[in-house]
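*Asks:* Any chance you could fold what I've pasted below:
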Amino acid sequence: MRRKIETRGSVVLGGAVALAAAGVLRVDGVLLTLGVAAAGWVGFSALFAVWNLRRLRVEVEGPRVVRAGESYRLQVTLRNERRFFDAVGVQLQIRGPGGLEARMEVPWVVAGGQAGGEIRVSSDGRGDGKVLEYQMISVFPWGLVRAGLDGEVGHALTVLPRPIVPVELLEGGADEEKDGLFDPLHRESSGMPRGMREFRAGDRMRDVSWPASLRAVARGTGLVVREWDPPGMRPRQVTLVFHSYAADGMLIRPDRFERAISLAWGAMGHLQAAGVEVRFLSDFSAWVPAVIRSRRELGRLGDRLAGCQREAATERHELEARLDECDGEVWVMSDMPLVSWSSVVESRSQVRVIDVTRFEQGRRLALGGRVHA
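*Replies:* Numbering: from 1, shown residues only. Next up is the predicted model:
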């Protein structure tokens, strides 16, 4: 239990000391009595603020799995387990995985009763936890002293990463475009994307890349369409390799790791939705492969990504050994800039890359994801 004198409490206590001192110096019983009474007033406020929080229990109900950045509801209940004395003016602060922070105030809880309500919250980042932390605060009755009580309530919460589909997987060159490299709409009618070209008479409007076309029109040219290889060239399995290797002297940025996790999560969700089997390898999971064929398997991997930590000791030979074991379509990504590890993959023609720095604010997106020597 923590106690802190508020500003008005400090003023009252200072006045009490001044009155008591004046009463002693002037041998004035009235001033001395007023000073002692004012000090007792502050002391009584402290005792009552602490008592106001005794035998109160917090309960939380809500979803167990949520996505970062999406709002959800928590049902918060405050139970007063005292037989006598109601609880008045209790403030609740709740903290949880992914930067979850929520506040609510319960004005009155009768003895032996309960009160609460529903609050809408959101978690800015990913996270995983078995409990939620809370703090109860009371300044009742006169706001002179603040009492605080910390605790935990059992409520498992997994916050999945915010999914970002890599632009390299999208033939239109923008991560907000929905029709992508593995778009189910093109599963039977088209194969792998070949590239982009200017619009010609007879082209289908569905093949127009509107984000790229808008940029082209701004430069003074016309519409841009996608070109596709013949059907049947779609890979049945894609291997996605995630690593944190970089050359010496490169700056490690935690925000890039979080963005890279979001890119990996978005890429796997995009591929699985298109019916492509994904084999995921990562250094933070000791290179143990995770195969994704269904949404259930994707969800299990999401639980792992929610609580994963960056691997700080990945060596070049480890990454090369993993790439040597990969067959077929291989995509490599990292939380480090591409320039710091491109030498590992530039001689491998079957490898395509995802560069995390292309998704930073203020950086111009470029098309293509293949490394050239």
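
*Asks:* going forward, measure contacts and count neighbours with C-alpha atoms only.
*Replies:* Noted.

*Asks:* Outline the domain layout of the chain.
*Replies:* Using automatic domain parsing, the domains assigned to the chain come out as 2-51, 56-160, 234-359.

*Asks:* can you tell me the distance between the two ends of the second one?
*Replies:* End-to-end distance of domain 56-160: 32 Å, with Cα to Cα, to the nearest Å as the criterion.

*Asks:* same thing with the first one?
*Replies:* One end of domain 2-51 to the other measures 12 Å (Cα to Cα).

*Asks:* Now the helix or strand encompassing Ala38: buried residues?
*Replies:* When elements are assigned from DSSP states H and E, Ala38 belongs to helix 29-51. For helix 29-51, burial by neighbour count (16 or more other Cα atoms under 10 Å) applies to 31-32, 34-36, 38-39, 41-43, 45-46, 48-50.

*Asks:* which residues of the stretch 201-350 of the chain score low on pLDDT?
*Replies:* Counting by pLDDT under 70, the stretch 201-350 of the chain shows low-confidence ranges at 228-234.

*Asks:* returning to that earlier point: so can I have CSV of the domains of the chain showing distance to Val217?
*Replies:* Below are the domains of the chain laid out as CSV (distance: least, Cα to Cα, whole Å):
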stretch, distance to Val217
domain 2-51, 62
domain 56-160, 33
domain 234-359, 23
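
*Asks:* Out of those, which is closest to Arg200?
*Replies:* domain 234-359 (25.2 Å; Cα to Cα).

*Asks:* Please state the offset of that closest one from the chain centre?
*Replies:* Relative to its chain's centre, domain 234-359 lies at 19 Å (Cα atoms, centre = their mean, to the nearest Å).

*Asks:* And stretch 204-219, by the same measure?
*Replies:* Here stretch 204-219 is found 33 Å from its chain centre; the criterion is Cα atoms, centre = their mean.

*Asks:* Angles on the backbone of Ala87, please.
*Replies:* Ala87 adopts backbone torsions of phi -100, psi 130, taken as degrees, to the nearest 10.

*Asks:* That one and Gln114 touch, don't they?
*Replies:* No: look at Ala87 against Gln114 with Cα atoms under 8 Å: they stay out of range, at 9.9 Å.

*Asks:* out of those two, which sits in the more crowded spot?
*Replies:* The residue with more neighbours, out of Ala87 and Gln114 and counting by other Cα atoms under 10 Å, is Ala87; that gives 27 against 18.

*Asks:* who does that one bridge with?
*Replies:* Listed beta-bridge partners, Ala87: Val109 (assigned using DSSP bridges).

*Asks:* residues touching Val131, list them.
*Replies:* Residues counted as contacts of Val131 (Cα atoms under 8 Å, 6 or more residues apart in numbering) are Gly96, Glu152, Val153, Gly154, His155, Ala156, Leu157.
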